[in-house]
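Peer 1: Kindly return the folded structure for what I paste below:
(one chain, ligands or ions: 1)
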Amino acid sequence: MTAAKPFCTIVPPYVLDRLAEAGHEPAVRSLALDAAHRAARLAAPPPTSGATGLGRVIADAGHSQRLPGRTVRTEGQDPAADASVNHAYDGLGATFALYADAYGRSSIDDHGLRLDATVHYGQDYDNAFWNGRRMVFGDGDGAIFGDFTACIDVIGHELTHGVTQFTAGLEYHDQPGALNESVSDVFGSLVKQYALRQTAADADWLIGAGLLAPGIQGVALRSMKAPGTAYDDPQLGKDPQPAHLRDYVQTSEDNGGVHINSGIPNHAFYLLATALGGSAWERAGRIWYDALTGRRLPADADFTAFARATVAAAKARYPDQPSVADTVTAAWAQVGVSPG
Ligand SMILES: [Zn+2]
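Peer 2: Prediction:
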């Protein structure tokens with residue numbers, strides 16, 4: 001099979017499909033836009049400036065479908081009057097900060113890639129995505145989803161697809177695709193935890209908390225702490241994520257369930273981080289980062305291969321603390337994955 005391109009929208013296609021089938025007009029239009037972007041060639045990243053610091057450019061599409069839109073805030077400029085512009089600017093900065101401070105990484109490509117984003121994309125557009133070159137945010141329709149710039153973990157999730165694209169290059173289907181999605185959830189959550197200086201015990205371990213409009217029965221798009229419990233709503237349906245390999249969902253939808261089965265490695269990371277305690281971006285995050293960027297992980301890695309890579313990373317990074325690698329093995333075992 002040909003590898004699917006890693007075009008990820010934060011709201012999975014099956015959620016919008018359900019809303020569209022029920023006649024929700026913004027979901028119909030959002031799906032059409034998503035399909036157009038998915039079919040487009042993945043945009044090449046902009047040329048790097050050679051600068052190693054943080055460089056952000058926020059543009060406003062003015063509710064049109066034209067990219068990039070009008071530039072409204074660049075690096076170092078004062079906040080704009082528009083809250084979405086400032087949320088996007090801050091979220092890009094928080095993502096840059098986690099990678100730079102915790103892992104010594106200079107932006108998505110480790111070469112200071114400028115971080116570009118467009119806000120107010122489309123009419124009531126119910127999604128946000130990274131297209132290989134920029135982050136694009138819709139305002140949401142206000143009935144199901146709110147403004148997509150509101151959640152820094154969503155921004156961290158999308159930009160981490162860029163990090164994965166530049167490192168392990170995990171294929172976007174089936175188990176490697178679910179790992180690709182999970183890695184984005186892991187670092188998306190860590191962006192938020194680092195910005196709030198939360199411990200693993202204090203973090204909510206939700207992805208997209210606050211994104212669902214008032215009245216929707218749910219707390220977020222996904223839960224790493226308790227996959228499958230993020231929402232259960234007459235319009236949205238029920239969160240389909242499994243937390244254990246025995247419940248792995250075989251499906252041809254969603255590139256083989258990449259946003260569904262990501263619940264399994266997500267929960268392994270949550271179990272590791274809470275077992276180790278303290279700041280999750282330190283040891284647990286470092287181990288996942290080393291596995292992702294260590295250049296040993298094949299692009300078609302399955303859960304077992306990734307689990308092995310994390311155990312190897314733990315042994316290499318913490319040679320004097322064998323209990324850390326044992327804790328990694330135990331976390332995977334609890335979700336049914338044996339590193340062997
Ligand atoms: Zn994603």
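Peer 1: Could you give the residue of the stretch 1-150 of the chain that lies closest to the ion?
Peer 2: Cys8 (3.2 Å; C-beta to the ion). Quick note: C-beta positions are derived from backbone N, CA and C, even for glycine.
Peer 1: Now do the contacts for the residue lying closest to that residue once chain neighbours are set aside.
Peer 2: With sequence-adjacent residues excluded and distances taken as C-beta to C-beta, 6 or more residues apart in numbering, Cys8 is closest to His161, at 5.2 Å. His161 makes contact with Pro6, Cys8, Trp130, Asn180, Ser184, according to C-beta atoms under 8 Å, 6 or more residues apart in numbering.
Peer 1: in which helix or strand would I find His161?
Peer 2: helix 152-166 (DSSP states H and E).
Peer 1: is the ion contacted by that helix?
Peer 2: No. For helix 152-166, no contact with the ion is found by C-beta under 5 Å from the ion; the gap never falls below 5.6 Å.
Peer 1: Toward the C-terminus, what is the element adjacent to that helix?
Peer 2: helix 174-196.
Peer 1: Against which helices or strands is that following helix packed?
Peer 2: strand 8-9, helix 83-103, helix 152-166, strand 206-207, helix 254-257, helix 263-276, helix 283-293, helix 303-317 (3 or more C-beta pairs under 8 Å, 6 or more residues apart in numbering; DSSP states H and E).
Peer 1: Just the CA trace of the fifth one, in PDB.
Peer 2: Yep, that's helix 254-257 we're talking about. What follows is helix 254-257, C-alpha atoms only, in PDB (Å, rounded to 0.1, in the frame of the first residue of the first chain):
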ATOM      1  CA  ASP A 254      -9.400   7.300   9.500                       C
ATOM      2  CA  ASN A 255      -6.300   5.800   7.800                       C
ATOM      3  CA  GLY A 256      -6.900   2.600   9.700                       C
ATOM      4  CA  GLY A 257      -8.000   4.300  12.900                       C
END
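Peer 1: residues of stretch 239-256 that come out buried?
Peer 2: Buried residues in stretch 239-256, counting neighbours by 16 or more other C-beta atoms under 10 Å, are found at Asp239, Pro240, Gln241, Pro242, Ala243, Leu245, Asp247, Tyr248, Val249, Asp254, Asn255, Gly256.
Peer 1: In the residues you listed, find the pair that's most separated.
Peer 2: Based on C-beta to C-beta, the longest span within the buried residues of stretch 239-256 runs between Ala243 and Asn255 and measures 20.2 Å.
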